[in-house]
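Peer 1: sequence and predicted structure below; questions after.
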Amino acid sequence: MAYASLVSLQQTTNLILDHLHKYSISVDEREKIKAIREHVNFLIPFLENFPEKAHRLEEKIRDLANEAEDVIELFMWNQFHRDWSVGLSRGKFESQLKRVREKIGSITGDLIDDRLCNLPAAISSSGVAASGKNDVVIGLDEDLLAMKDRLCGSSKLEVIPIIGMGGIGKTTLARYAYNDSLIREYFHIRAFVQVSQDFSAEEFLQKLLASIKLSEEKMLGEKKESGIAENVCNESVIAEKVYKRLKGRKYLIVVDDIWSTKAWDDVRNIFPDDKNGSRIMLTTRLSDVATYASSGSPLHGMKFKDENQSWYLLKQTMITYGEDCPPELEDIAKDIARTCRGLPLAVVLVAGILSTAVKTQASWEKIAKNVNSVVDGQVDKILSLSYRLLPHHLRSCFLFMAGYPEDHKIKVSRLIKLWVAEGFLKRQRGHKSLEEEAEEYLEDLVKRSLVLITSRKSNGKIKRCSLHDLVRDMCIRKAQEEKFLVTDKYVLPNGRKDERRISIGHSSLNEIRSPTIHTILCFAYFLDCSSIVNFRLLRVLEVMHYSDCLPPQVFELFHLRYLALPFVHKIPAAISNLENLQTLIICSGKPHLPLEIWRLRHLRHLIFASTYALPIPAECRIWPTLPLENLHTLTGISDFVYTKRILKLMPNLKKLGFSTTRVQSLHNLANLHQLEKLKITVSRSFSWQGPHLAFPTTLKKLTLFRGRLPWKDMSIVGSLPNLQVLKLKDNACDGDTWETSYGEFPQLKFLLIEGSNLEHWVTEKDHFPRLERLVLHICWSLREIPDSIGEISTLELIKVGSVRSSLMESVRKIQEDQQSYGNDALHVVAFKQIRHFGYAS
């Protein structure tokens, strides 16, 4: 992984050379570091433009770049702590710096002398990120019909196994059936649980219970307040809870990717048989597991595609990526589809490769030749081909995902921040932030069918993603081969001394001895951090579950850029030592934040799940508070005073979320001229007042939670020229009538009203000219949706949950009218909503 190592080294050399006043460094040392940076500045574009020619030296370049960075970072650590007794001496630093400079210079000279810079690359590495809509299911219509017949058949409880090899489409079919509108209406409750090879009955039951609760919330249209999840530790207690939730109800449970008969035995008794048509779908690669669980029920075997079906799947998948197969290349494309041997995963992956390749015969023939040579019964080699054809800047981002557990739904907002902290992204010219660049990287990986979209946000961006199990296996293997990342499941902690990233699921930090560790991803349910000080080069510490009390040594980790913890009692003033910190995430607890938080010049994201009190820096001429110019995200803050002076300390804030009981100073939010996302939560006794309400014109997403803003004052929100997403929750607005005007909401695409006493909505289609999705929940008094809403040409979805028959009838009428006009694109979801009397009215 030479490219990632070079980009990281480039950033490290920039960091020290741009802040020479912080370090005691000689002229000779400075010149050596400058020379290293110049060599790196040559090698990065060389790898980008001539990856095949630099391949023979890639491992050597990677190791040298890592060594150079370690030497420089240890020097910076020693300088910061004024301690040359740990790590390397001053003399050793000088000699090592000279040696790595000479070696990197030698490689640069070899590449120039070889004159390898005149051969074009056959595969384009600049594929533009597509919309990522690779979730279109193609070629499963017959399987779906057969599955629906069985799901809606006899009254007895039936287990329906779907069997086939990895990548043949078992999970895709199960999800397709599970999300079918008829199936959603037919079953009272549904749950989808993925099982891993390391089966744990307790973990399975916890996932199942969570999925059942989510299904109930969707059916009832309820939204529970966020908070700490229910902590149920006793397996029998969880099993009883699951059984009671399912008892007497017609349920559909999907158990995805089950690997043993013992796993089925461990959970089979929690599913009650009330002779009401309940169903359990299993997906498995193992026929004995399927036969054992089915108890005589026929297995649904997934079949390979024939040549015509493979060609059709390839062609249609390319279309979903926004690419057509040129007529003159159809014969080559058919040959490529044929070599995939009917395996849907292979076809989809090859379609991802073709969609980003140069559309020339020579380029596609080269791909066809590679596919022919590697497909031959080994799907893993197809996956390796997808990886090998990745441009260098995407490889490190992809391999980083090997650190996540099997079936883990990766939170994209965190993943992007981790990529930035790792140094995987180069600063681009123009107005894009590093995070925006990272989003495009992810969309590109989705387009290449290496990453799956699990869910999307209201603005259409990816919310969560995951890896197919076969892709993940390949990803883990490549990450280990390239000394990029290891997991403690596959490599003994003491096995190698030069690891840079480790994912922990079972081990203790005390068992890990590698001094070069830069990244620790911890998914263990308990982590002892007492030995954290041993990792002086640590950049990333991500702890997903409960950990012991945070040791003070964490705040000696000078190079730390990303710190995410599940719970913290206290954040000390020593946090100011983490002067390279970019992201701080704390998921629960309410510690006092020290005033020193304002000294973190590189801080980009300050995120709290609970509400924290952010200290207000006093005005001081002798020791003035400098602005946090890099701060982009600030969420989970309570009762902060937004004066003009304070807002000037956060001039580039893009996302802000806070709770407040104060009206004063909120109008100053209009001075945040870079703000794009804003969420305001107020107490039930709080009432908005028009003069105190003002927003920046840059705002793209606004969420108001409570406040009883009069509907007539919504014109303030409607005048925002860039607003795309608007969420009004729990009586955010007040009054019985909302009358909109022409010229308002010019860019609004998503509108949610959840919990409102609104009765009459008066509007026209040109008042929401770009609306795509309308969602109404818990609007008990609303009598109807205006007919003109259905006439909005961009509208794709209306989703309504209500007890009022007139509202439901108006929704059905809009759908019928639009269908009569030939508009089949409008999707309408209307469901009876049980009245929740605990909701404010």
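Peer 2: Sure, I can see it.
Peer 1: between the two ends of stretch 403-417, how far is it?
Peer 2: When the termini of stretch 403-417 are compared using Cα to Cα, to the nearest Å, they are 15 Å apart.
Peer 1: mind listing what's buried along it?
Peer 2: 403-408, 410, 412-417 (16 or more other Cβ atoms under 10 Å). Quick note: C-beta positions are derived from backbone N, CA and C, even for glycine.
Peer 1: cool, and stretch 363-374?
Peer 2: Taking 16+ other Cβ under 10 Å as the criterion, stretch 363-374 shows S363, W364, I367, A368, N370, V371, V374 as buried.
Peer 1: of all the residues you listed, which comes closest to G169?
Peer 2: Distance to G169 across the buried residues of stretch 363-374 (Cβ to Cβ) is lowest for V371, with 19.5 Å.
Peer 1: surely the closest one is in a helix?
Peer 2: Yes - assigned with DSSP: H, G, I helix; E, B strand; the rest coil, V371 falls within a helix.
Peer 1: the lengthiest strand in the chain - contacts with which helices or strands?
Peer 2: Determined from DSSP state E, the single longest strand within the chain is strand 605-612. Other elements packing on strand 605-612 under the criterion 3 or more Cβ pairs under 8 Å, 6 or more residues apart in numbering; DSSP states H and E are strand 583-586, strand 633-638.
Peer 1: so which of those comes closest to N459?
Peer 2: Comparing these by Cβ to Cβ, strand 633-638 comes nearest, at 15.6 Å.
Peer 1: can I get the buried residues of stretch 403-417 in a markdown table including secondary structure?
Peer 2: Below are the buried residues of stretch 403-417 laid out as a markdown table (three-state DSSP):
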| residue | secondary structure |
| --- | --- |
| G403 | helix |
| Y404 | coil |
| P405 | coil |
| E406 | coil |
| D407 | coil |
| H408 | coil |
| I410 | strand |
| V412 | helix |
| S413 | helix |
| R414 | helix |
| L415 | helix |
| I416 | helix |
| K417 | helix |
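Peer 1: among these, which one lies nearest to I238?
Peer 2: Top of the list for closeness to I238, among the buried residues of stretch 403-417 and by Cβ to Cβ, is D407 at 18.7 Å.
Peer 1: give me every residue that touches the closest residue to that closest one other than its chain neighbours.
Peer 2: Leaving out its chain neighbours, the residue that sits closest to D407 by Cβ to Cβ, 6 or more residues apart in numbering is Q194, at 4.0 Å. Going by Cβ atoms under 8 Å, 6 or more residues apart in numbering, Q194 touches K207, D256, D257, D407.
Peer 1: which SSE is immediately downstream of the helix or strand encompassing M76?
Peer 2: Using DSSP states H and E, M76 maps to helix 58-81. Of the helices and strands lying after helix 58-81 in sequence (DSSP H and E), the nearest is helix 90-114.
Peer 1: quick one, helices of the stretch 351-500 of the chain?
Peer 2: For the stretch 351-500 of the chain, helices defined by DSSP state H, counting those that start in this stretch occupy the ranges 361-375, 379-388, 392-400, 412-422, 434-447, 469-481.
Peer 1: to R279, which of those lies closest?
Peer 2: Comparing the helices of the stretch 351-500 of the chain by Cβ to Cβ, helix 469-481 comes nearest, at 23.8 Å.
Peer 1: buried sites along that closest one?
Peer 2: Neighbour-count burial for helix 469-481 [16+ other Cβ under 10 Å]: D469, L470, V471, R472, D473, M474, C475, I476, R477, K478, A479, Q480.
Peer 1: show the pLDDT at the second one.
Peer 2: This points to L470. L470 is assigned a pLDDT of 76 by the prediction.
Peer 1: that one and I72, how far apart?
Peer 2: 39 Å (Cβ to Cβ, to the nearest Å).
Peer 1: and if you look at the fifth one?
Peer 2: Taking Cβ to Cβ as the measure, D473 and I72 are separated by 35 Å.
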